[in-house]
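In: Fold the following, please.
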Amino acid sequence: MTTVPNSIKLLAGNSHPELAEKISKKLGLPLSKIGVYQYSNQETSVTIGESVRDEDVYIIQTGCGEDEVNDFLMELLIMINACKTASARRITAVIPNFPYARQDKKDKSRAPITAKLIANLLQTAGCHHVITMDLHASQIQGFFRIPVDNLYAEPSVLRYIKEQFDVKNSILVSPDAGGAKRVASIADKLDLQFALIHKERQKANEISRMVLVGDVKDKICILIDDMADTCGTLVKAADTLLQNNAKEVISIVTHGIFSGDAEKKLANSKISRIVCTNTVPINIENERLDQIDISPTLAEAIRRLHNGESISYLFSNAPPV
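Out: Purely as a prediction, here's the structure:
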């Protein structure tokens with residue numbers, strides 16, 4: 001990968017230092033010195049250890065953690081504001097997993113649209129541009145008055161499927177109606193059929209019934225979703241597919257959040273392989289777990305943005321790992 005000149009600064013918060021290091025290595029740029037601490041009363045303190053005056057600053061911070069997601073969000077906002085007050089020319093927030101993305105609409109009375117609030121906070125803090133990946137709802141981009149580049153894990157997932165599976169004997173499955181468009185796009189590129197599972201919920205994160213639409217008999221079912229949180233959907237979807245005589249069930253998700261008792265659910269599930277990208281750090285242990293590295297895509301997006309090149313190339317192409 002072509003390296004970028006030293007006229008930009010890469011900063012990393014505490015949410016995912018491993019991903020930040022990989023992006024830094026791909027770009028051939030060191031991470032800038034920054035101290036992000038918490039006082040004993042849990043207030044966040046940020047100290048930038050070098051000048052960012054008139055520099056293009058890229059802050060890498062993902063939305064993750066069962067207990068720390070709000071702390072990491074606050075870190076990001078303070079880091080953005082610290083760069084703004086230090087006279088940075090342009091500040092780009094690289095947020096692989098956008099926090100609160102599931103709260104994107106008013107689906108019941110008196111419900112907040114929290115994703116819009118996060119957009120306002122980022123802009124108020126001083127952010128000029130946002131890079132994210134596989135937004136839960138792509139219309140979140142419309143909540144911003146600044147440019148938002150929503151990258152896709154699809155090219156990397158396509159490459160993984162071609163390399164790892166017997167594509168001819170596979171079928172792609174969406175675990176809910178909301179992901180049908182995503183799965184249909186991948187199915188078209190692989191020239192495969194796809195099936196859909198319709199789920200009915202009684203309350204949030206709790207599914208009452210699942211109905212399969214499509215024939216999965218004797219097929220390797222590849223379940224594709226944007227995120228796995230408590231994993232209730234994935235486990236029940238896998239059970240539904242196997243009850244309909246599927247040969248095997250493999251799950252591929254972009255954001256492996258794995259909160260609550262997800263580790264226990266996956267350990268007891270009949271899913272033969274769980275695949276996720278490294279947009280968030282993995283906090284569970286499972287011998288069936290595999291990862292797709294998306295740091296090349298994020299690094300190439302930073303390089304292209306800095307050099308004024310088209311980002312849309314990355315919507316259909318995965319850079320070499």
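In: the helices in the stretch 1-150 of the chain, which residues?
Out: Ranges of helices within the stretch 1-150 of the chain are 17-27, 69-85, 114-125, based on DSSP state H, counting those that start in this stretch.
In: wait, the stretch 201-321 of the chain
Out: Along the stretch 201-321 of the chain, the stretches classed as helices by DSSP H, counting those that start in this stretch are 232-243, 262-267, 295-307.
In: Can you give me the distance of Leu11 to Tyr313?
Out: Using Cβ to Cβ, to the nearest Å, one gets 25 Å for the distance from Leu11 to Tyr313. C-beta: built from backbone N, CA, C; applies to glycine.
In: the more surrounded of the two?
Out: Counted by other Cβ atoms under 10 Å, Leu11 and Tyr313 do not tie: Leu11 has more neighbours, with 28 against 13.
In: Which residue is the nearest non-sequential neighbour of that one?
Out: Closest residue to Leu11 in three dimensions, ignoring its sequence neighbours and counting by Cβ to Cβ, 6 or more residues apart in numbering: Ile59, at 4.7 Å.
In: where in this structure is pLDDT low?
Out: Across the chain, the ranges flagged by pLDDT under 70 are 1-6, 200-208.
In: burial measure for the nearest residue to Ala237 once chain neighbours are set aside, as a count.
Out: What sits nearest to Ala237 in space, not counting adjacent residues and going by Cβ to Cβ, 6+ apart, is Pro175, at 4.2 Å. For Pro175, the count of nearby residues is 27 (other Cβ under 10 Å).
In: Likewise for the one 3 residues further on?
Out: Burial measure for Gly178: 13 neighbouring residues, criterion other Cβ under 10 Å.
In: now do Lys264
Out: Burial of Lys264, expressed as a neighbour count using other Cβ under 10 Å, amounts to 11.
In: How much space separates the residue nearest to Pro281 when sequence neighbours are not counted from Asn307?
Out: The shortest distance from Pro281 to any non-neighbouring residue, by Cβ to Cβ, 6+ apart, is to His16 (5.2 Å). For His16, the distance to Asn307 (Cβ to Cβ) stands at 25 Å.
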